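K.L.:
Here is a sequence with its predicted model. Questions after.
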Amino acid sequence: MKKTVLHIGLDDVDSPEGGCTTHLASILVEKLSKEALKFIDYPNLIRLNPNIPWKTRGNGAVALRILVNENFVDRIINNVLHVVVKYIGEFSKEKSQPSAVFFTGNIPSKLRWFSRKTVKDIVPLNLAFKVVEKVKAKAISFNGKRGVIGALAAIGEPLDNTDYTFELIAYRAEENYGKPRLISKESVLEMDKLFGTQTFLNVDYEIGKVLITPHGPDPVLLGIRGENAEIVLEAFKKIKVLEPIERWVIFRTNQATDMHLAEVKYVKEIKPYMSVILKGYVYEKPKTIRGGHVVFSVSDSLEDTISCIAYEPTGSFRNIVKQLIPGDVVKVYGGTRPPSPTHEITINLEKLEILKLAEHIAYRNPKCPNCGKTMKSAGKNKEFKCTNCGFKSKTLSKICIKIPRKLRPGLYTPPPRAFRHLMKPLQRYGKEKKTPPKNIIPKWHHP
Ligand code: ATP
């Protein structure tokens, strides 16, 4: 019997009160793995534009990719929809607009284009439906159609010509939703010691915080992010979990790859909600504003400027930002916040690359030629007077001194606790992958 690849995209199942698209995906994995079909990849967890205002949490969507007899496709779709409807009935709240998209065959370039756009930009719903029609996908939504954007975008990013990472996500038993997550902190520290070079964002040592557990009422117990499937599974086995684990799945994902960032040359190219990399020079000195946020501005080669902000939660990163001075050549990385009546369009800093430091020149009053004490100025363009010996001079002028810079050129990031899903941590530089894994490990989900 002829086989075909069926791609199943899911999104917007969750709401702030509960439910989660990856959780639904993990339930589908259990159900589908009992059918006569083969998963051709780990479930793909695709993080989309992190700046869109209507996301619940991390703007994630999931694609499942299976090889199945052509004649079974309709039956599988019905089974999937049955599970989706049941899940929505149990967990989804009014605000979510759950959607499932189905597509068979190779991913067309139009669909790939749509996906990348959804990661980097805001896309209108009618564009999603145009693509659905063009590529002959099938979109089913409940409660509103918005989830189709993410579900379609997940299908269109098979992570086959781009960098990727893995995340093992474990889920809680329902009776524990909303309660504190019971895992041993020591075991997480131990795991990080053993696997810290191949996993990332486990712990924030600056404040001693474990980062593998979320805090909301959602079903996620923990997530371990790493470079390959074997490692995240080994690392998971080291964690002492003191509550029941309902299920776990290893996802292949665009997390920690910087896929959302687009390099722009000029400020005028920057639109709200994009994530950009802009090279320029520091125009206005950083200043700390209410709330502890640090703000400065950067100018491009056309002398157009844009504000950049390092928020208070970026912790020690702000100490680097504060040392910038006008003239420093930098690359700023971050998502853009749209303008409002109180502020202009602003780049929310995710990373800062210092390319060239300007000379820090300061002007000081001259020393008294008589007694060596620092003289005082009687006012702008007026004489200098020595308060020690009384010597006065109209000919002496301010002396220019070079203040050594403590800052060093290089790439700087906020501490791990301030990382969003798509941001690539420093430790991943040089570990980027270009081809998908050759095979799937035997045990990648439970049950
Ligand atoms: P979680 O991280 O828990 O999965 P979430 O943050 O993914 O939650 P959703 O509830 O999925 O949030 O809501 C995101 C909604 O925004 C979805 O309906 C999705 O289709 C839509 N969306 C995603 N990316 C874009 C985009 N670039 N432009 C327009 N809409 C988008």
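P.N.:
Yep, it's here.
K.L.:
Check the secondary structure at V29 for me.
P.N.:
Recorded secondary structure, V29: helix (DSSP: H, G, I helix; E, B strand; the rest coil).
K.L.:
my bad, should have said L81
P.N.:
Going by three-state DSSP, the secondary structure assigned to L81 is helix.
K.L.:
same check, this time on R112
P.N.:
Assigned by three-state DSSP, the conformation of R112 is helix.
K.L.:
That one: what's its closest spatial neighbour, skipping adjacent residues?
P.N.:
G156 (5.2 Å; CB to CB, 6 or more residues apart in numbering). C-beta: built from backbone N, CA, C; applies to glycine.
K.L.:
Now do the same contact list for the one you found.
P.N.:
With contacts taken as CB atoms under 8 Å, 6 or more residues apart in numbering, G156 has the following neighbours: I107, L111, R112, W113, F114, S115, R116, T118.
K.L.:
Narrow the residues you listed to those that are buried.
P.N.:
Buried members of these, scored by 16 or more other CB atoms under 10 Å, are I107, L111, R112, F114, S115, R116, T118.
K.L.:
just to revisit the earlier point, any idea how far the residue nearest to R112 is from the ligand?
P.N.:
Between G156 and the ligand the computed distance is 12 Å (CB to the nearest ligand atom, to the nearest Å).
K.L.:
picking up where we left off before, and which of the buried ones among the contacts of G156 is nearest the ligand?
P.N.:
Comparing these against the ligand with CB to the nearest ligand atom picks out T118 as the nearest, at 4.2 Å.
K.L.:
Was I right to think the closest one contacts N51?
P.N.:
No - applying CB atoms under 8 Å as the test, T118 and N51 come out as separate, 11.9 Å apart.
K.L.:
Save the contacts of G156 as a markdown table, and put in pLDDT and distance to the ligand too.
P.N.:
Written out in a markdown table, the entries for these read as follows (pLDDT from 0 to 100; distance: CB to the nearest ligand atom, whole Å):
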| residue | pLDDT | distance to the ligand |
| --- | --- | --- |
| I107 | 98 | 18 |
| L111 | 98 | 15 |
| R112 | 98 | 15 |
| W113 | 98 | 13 |
| F114 | 98 | 10 |
| S115 | 98 | 10 |
| R116 | 98 | 10 |
| T118 | 98 | 4 |
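K.L.:
got the contact list for T197?
P.N.:
By CB under 8 Å, 6+ apart, the residues touching T197 are Q427.
K.L.:
swap in L355?
P.N.:
For L355, counting by CB under 8 Å, 6+ apart, the contacting residues are K279, V329, V330, K331, P409.
K.L.:
neighbour-wise, which of those residues leads?
P.N.:
V330 (23 neighbours; other CB atoms under 10 Å).
K.L.:
What separation do you get for it and I345?
P.N.:
V330 sits 18 Å away from I345, going by CB to CB, to the nearest Å.
K.L.:
mind showing which ranges of the protein have poor pLDDT?
P.N.:
For the chain, residues meeting the criterion pLDDT under 70 lie at 15-18, 92-94.
K.L.:
Count residues in the vicinity of the residue of the stretch 201-350 of the chain found nearest the ligand, would you?
P.N.:
Proximity to the ligand, evaluated over the stretch 201-350 of the chain using CB to the nearest ligand atom, is greatest for D218 at 6.5 Å. Taking other CB under 10 Å as the criterion, the count of residues near D218 is 23.
K.L.:
Would you map the helices across this protein?
P.N.:
21-32, 73-91, 109-120, 125-135, 147-155, 185-195, 229-237, 317-321 (DSSP state H).
K.L.:
ok so, going back, which of the buried ones among the contacts of G156 lies closest to T21?
P.N.:
The shortest gap between T21 and any of these belongs to T118, at 14.4 Å (CB to CB).
K.L.:
residue contacts, that closest one?
P.N.:
L48, N49, I149, G150, L152, A153, G156 are the contacts of T118 under CB under 8 Å, 6+ apart.
K.L.:
Turn the residues you listed into a markdown table, columns for distance to N79.
P.N.:
Conversion of those to a markdown table gives the following (distance: CB to CB, whole Å):
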| residue | distance to N79 |
| --- | --- |
| L48 | 26 |
| N49 | 31 |
| I149 | 24 |
| G150 | 22 |
| L152 | 21 |
| A153 | 23 |
| G156 | 23 |
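K.L.:
can you pull out the strands in the stretch 251-400 of the chain?
P.N.:
Counting by DSSP state E, counting those that start in this stretch, the stretch 251-400 of the chain has strands at residues 261-264, 275-288, 294-299, 305-310, 329-337, 346-356, 360-364, 376-377, 384-385, 392-393, 399-403.
K.L.:
Give the partner strands of the fourth one in its sheet and their orientations.
P.N.:
When pairs are called by DSSP bridges, strand 305-310 turns out to pair with strand 294-299 (antiparallel), strand 346-356 (parallel).
K.L.:
same thing with the longest one?
P.N.:
Here the strand partners of strand 275-288, with direction, are listed using DSSP bridges: strand 261-264 (parallel), strand 294-299 (antiparallel), strand 329-337 (antiparallel).
K.L.:
Determine how far the last one lies from the middle of the whole chain.
P.N.:
Right, strand 329-337. Centroid displacement of strand 329-337 relative to its chain, using CA atoms, centre = their mean, to the nearest Å, is 14 Å.
K.L.:
And the first one, by the same measure?
P.N.:
For strand 261-264, the gap between its own C-alpha mean and the chain's C-alpha mean amounts to 14 Å (CA atoms, centre = their mean).
K.L.:
pull the CA atoms of that strand into CSV?
P.N.:
Coordinates of the C-alpha atoms in strand 261-264 are reproduced here as CSV (Å, rounded to 0.1, in the frame of the first residue of the first chain):
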residue,chain,number,x,y,z
LEU,A,261,16.5,37.7,14.7
ALA,A,262,16.8,39.6,11.4
GLU,A,263,19.9,41.6,10.6
VAL,A,264,19.0,45.2,9.6
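K.L.:
buried ones in that strand?
P.N.:
In strand 261-264, the ones that count as buried by 16+ other CB under 10 Å are L261, A262, V264.
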